[in-house]
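Engineer: Below are the sequence and a predicted model; questions follow.
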Amino acid sequence: MGKDKPETIAVSAGRMTAEHFGAVNTPVYRTSTILHPSLESLKGEQLPYKYGRRGTPSSRSFESAIEALEGGVRCVAVPSGLNAITTAILAVCGAGDHLLMTDSCYGPTRHFCDKTLKRFGIETQYYDPLIGDEIASLFRHNTRAVYCESPGSLTFEVQDIPAIAAAAHARGISVLLDNTWATPVLFRALDHGVDLSIMSGTKYIGGHADVMVGTITANEDHAKRLEAFYGDTGLFLGGDDTYLSLRGVRTLPIRLRRHQESALKLTHWLQTRPEVTRVLYPALESDPGHAIWKRDFKGSSGLFGVELKPVGSAALSAFFNGFHHFGLGYSWGGFESLVIPAEFKRTATKFAVAGPLIRLHAGLEDADDLIADLEAGFARMRAAS
Ligand SMILES: Cc1ncc(COP(=O)(O)O)c(C=O)c1O
């Protein structure tokens, strides 16, 4: 239903109960061969499914749920977020093209551009994530796409997506966005002018740290080329991972609300700490991206950055080693709280930090327990200084 809120869409979209004897969740289809009743069926389009790689009820259920949340025309599910990024870029860019990439992008995205895209004759130019409509000054005759990530990986700049999209579309240039942090529940990328909305579903979509998945959702204009590239390259996500991903969707909005609540509590507390220089979280009024975030987003998720005052390496190790609730691990978006040192790279802009930058994910634990865990970490840090 057009007017349904994300909470409702997440619960009901992609159901195929009638086809599955009333089962609320579409069962896992582990299928390669689909048997057809006749030669005409084998050659024709009578059956909705033709061959495993070309889609099963499991994959269609998940993809159509994401299409409904994104307000998109076609979603394809792939085996990781990074694969969603590389697939989306290759679906629109070819040899001789110029790609504008935000300087705040996720590290492996940068690596892909600098190594693989270069090898295929696609030139990447990094731009200031805060450029807004001045992106137009970077357009060349062969610019094919502007790639955004908002908030940016590790540094959390919020981009003016509507301004970038308006400038790009005036020149027929595609706009791609890594929307992993917000998901369509908090930022409806396609409504703001994005052509291909990308997510690492490994994070909030799966939500339980037990599945690797990526999604790309296209608007009307980009649906055919996305589908064609996806089909040509033989991509597909297996039934078990698709099932886990769809199961995650059902509770996505309610989990995000809790992640936001805890992240707000933690970030407000961290702002009062003498060990902290600044907190990078767009939902905070003090954050430089707050105004655009407030204009465009419906909420904030659980991932944020913290710049600590300069400390020695022994004190920093003491802080990291000994948490009870914050795990040391890559990824985020699951039920568990995580912390890592944030190492980022810039080539087009400067992002100055005087002390260590760390990235935290507020999980679904009690926020006061998490604060107590961080407080103990700061005590360890002080003792080792
Ligand atoms: C912002 C962002 N995009 C994409 C990815 C890649 O996702 P995956 O690990 O599912 O390949 C990550 C992973 O950390 C990420 O943080």
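Structural biologist: All right, it came through fine. Note that the structure is a prediction, hence the values are computed from the model and not measured.

Engineer: Output the set of residues of the protein in proximity to the ligand.
Structural biologist: Counting by C-beta under 6 Å from any ligand atom, the chain comes close to the ligand at 80-82, 106, 153, 178, 180, 200, 202, 212, 214, 331. Yep, even glycine has a C-beta here, placed from its N, CA and C like the rest.

Engineer: again, 5 Å this time
Structural biologist: With the criterion set to C-beta under 5 Å from any ligand atom, the chain comes near the ligand through 80-82, 106, 153, 178, 180, 200, 202.

Engineer: By pLDDT, rank these and give me the bottom one.
Structural biologist: Across those, the smallest pLDDT goes to residue 153, namely 94.

Engineer: who are the neighbours in contact with that one?
Structural biologist: Contact analysis of residue 153 by C-beta atoms under 8 Å, 6 or more residues apart in numbering lists 104-107, 178, 344.

Engineer: what does residue 352 give?
Structural biologist: Taking C-beta under 8 Å, 6+ apart as the test, residue 352 contacts no residue whatsoever.

Engineer: ok, now with 10 Å
Structural biologist: Residue 352 makes contacts with 307, 346, as judged by C-beta atoms under 10 Å, 6 or more residues apart in numbering.

Engineer: and what of residue 171?
Structural biologist: Per C-beta under 10 Å, 6+ apart, neighbours of residue 171: 135-136, 139-141, 143, 146.

Engineer: rerun that using 7 Å as the cut-off
Structural biologist: residue 139 (C-beta atoms under 7 Å, 6 or more residues apart in numbering).

Engineer: Okay, it and the ligand: tell me how far apart.
Structural biologist: 26 Å (C-beta to the nearest ligand atom, to the nearest Å).

Engineer: picking up where we left off before, show me the contacts of residue 153 that map onto helices.
Structural biologist: residue 107 (DSSP state H).

Engineer: which among the contacts of residue 153 end up buried?
Structural biologist: Buried members of those, counted by 16 or more other C-beta atoms under 10 Å: 104-106, 178, 344.

Engineer: tell me the phi and psi of the closest residue in space to residue 310 that isn't next to it in sequence?
Structural biologist: Excluding the flanking residues, the one nearest residue 310 by C-beta to C-beta, 6 or more residues apart in numbering is residue 355, at 4.1 Å. When read as degrees, to the nearest 10, the backbone of residue 355 gives phi -120, psi -180.

Engineer: quick one: residue 355 and residue 276 touch, right?
Structural biologist: No: in this structure residue 355 lies outside contact range of residue 276 using C-beta atoms under 7 Å: 9.0 Å.

Engineer: Common neighbours of the two, please.
Structural biologist: residue 308.

Engineer: could you pull out the strands for the chain?
Structural biologist: 74-78, 98-102, 123-127, 143-149, 174-178, 196-200, 214-218, 276-280, 303-308, 338-341, 357-361 (DSSP state E).

Engineer: list the helices and strands the last one packs on?
Structural biologist: Contacts of strand 357-361 with other secondary structure elements, assessed using 3 or more C-beta pairs under 7 Å, 6 or more residues apart in numbering; DSSP states H and E, are made with strand 303-308, strand 338-341.

Engineer: Measure how the first one sits relative to strand 357-361, angle-wise.
Structural biologist: Put simply, strand 303-308 runs at 150 degrees to strand 357-361, going by axes from the mean of the first three to the mean of the last three C-alpha atoms, to 10 degrees.

Engineer: hmm, who's touching strand 303-308?
Structural biologist: 154-156, 181, 263, 267, 270, 275-281, 332, 342, 353, 355-361.

Engineer: ok, residue 90 - contacts?
Structural biologist: Residue 90 neighbours (C-beta under 7 Å, 6+ apart): residue 229.

Engineer: ok, 8 Å please
Structural biologist: Applying C-beta under 8 Å, 6+ apart, the residues near residue 90 are 229, 233.

Engineer: Drop anything exposed from the contacts of strand 303-308.
Structural biologist: For the contacts of strand 303-308, buried by 16+ other C-beta under 10 Å: 154-156, 181, 263, 267, 270, 275-276, 278-281, 332, 342, 353, 355-361.

Engineer: about what we covered before: pick out the most distant pair among the buried ones among the contacts of residue 153.
Structural biologist: Using C-beta to C-beta, the buried ones among the contacts of residue 153 reach their maximum pairwise distance at 178 and 344, which is 14.5 Å.

Engineer: which stretches of the stretch 251-385 of the chain have low pLDDT?
Structural biologist: Nowhere does the stretch 251-385 of the chain drop to pLDDT under 70.

Engineer: mind listing the helices for it?
Structural biologist: For the stretch 251-385 of the chain, helices defined by DSSP state H, counting those that start in this stretch occupy the ranges 290-296, 313-320, 367-384.

Engineer: Surely residue 150 touches residue 161?
Structural biologist: Yes: counting by C-beta atoms under 8 Å, residue 150 does reach residue 161; the two are 6.2 Å apart.

Engineer: Need the overlap of contacts for those two.
Structural biologist: With C-beta under 8 Å, 6+ apart, residue 150 and residue 161 have common neighbours residue 177.
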